[in-house]
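> Please find the sequence and the predicted model below.
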Amino acid sequence: MIELRIKDKLYSGWKSVVIEKDMLSIANTFSISIDNGLQVGIEAGDKIQILKDKALFLTGYIDSLSIAISETKSPLILNGRSLSCDIIDCMIEENKQYIKQTALTIVQDVIKDFSIKVSSKLSLTPLETFDTKVGETFFNSINRICKQTNILPLSDNNGNIVLTRNDKTKYITVL
């Protein structure tokens, strides 16, 4: 069963739901089409948790919603993004240099002002130096660190970032 938690209220009971999530992305987007989904009180900007059989699948924000009405259906379409998408939209405002720190500690510091946690189970070697650049997105800065160290930044179900080895393996998840 697929449920949506929006504003601490659970929505369920639809006939079909389609959710797509890129497993190799730091910034997941989603599109949910709900048959007979005329729901009140849902707005763009709302925080959403998508649950499958009571387990968290994705946490994010609703960017847009639309509804169409016919004689037999009222499909609701929600489009949104995971919490980690915030780092794609925002720019670094000051240069900062990191000396002899690991990719994990650098990424944690770079995005400390966001509500996003960063974790890794890897044993990471400190980098000699790494500099952030004014005007660069937080995402691009993280991407540069990860390319330098052959690490892949992924978004977990809570919208947090997990640093893992970049082994170029493809994953597919079907709901």
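Thanks, I have it.
> Pull the contacting residues for R165.
122, 150-152 (CB atoms under 8 Å, 6 or more residues apart in numbering). The C-beta positions use only the backbone N, C-alpha and C, and glycine is treated the same way.
> Closest to G60 out of the residues you listed?
L152 (20.0 Å; CB to CB).
> still on that earlier bit, which of the contacts of R165 fall in strands?
151-152 (DSSP state E).
> most neighbours, which of the contacts of R165?
Within the contacts of R165, neighbour counts (other CB atoms under 10 Å) peak at I151, which reaches 21 neighbours.
> State the pLDDT value of that residue.
Note for I151: predicted pLDDT of 92.
> so the closest residue to it other than its chain neighbours bridges to which residues?
The shortest distance from I151 to any non-neighbouring residue, by CB to CB, 6 or more residues apart in numbering, is to L163 (5.0 Å). On the basis of DSSP bridges, L163 takes part in beta bridges with S120, P153.
> And L163, what's its pLDDT?
94.
> same thing with E20?
67.
> Equivalent analysis for I50, please.
pLDDT, read off for I50, is 89.
> The host helix or strand of it pairs with which strands, and in what direction?
Secondary structure from DSSP states H and E places I50 in strand 47-52. Looking at strand 47-52 with DSSP bridges, its partner strands are strand 2-6 (antiparallel), strand 55-67 (antiparallel).
> Many thanks, I have nothing further to ask.
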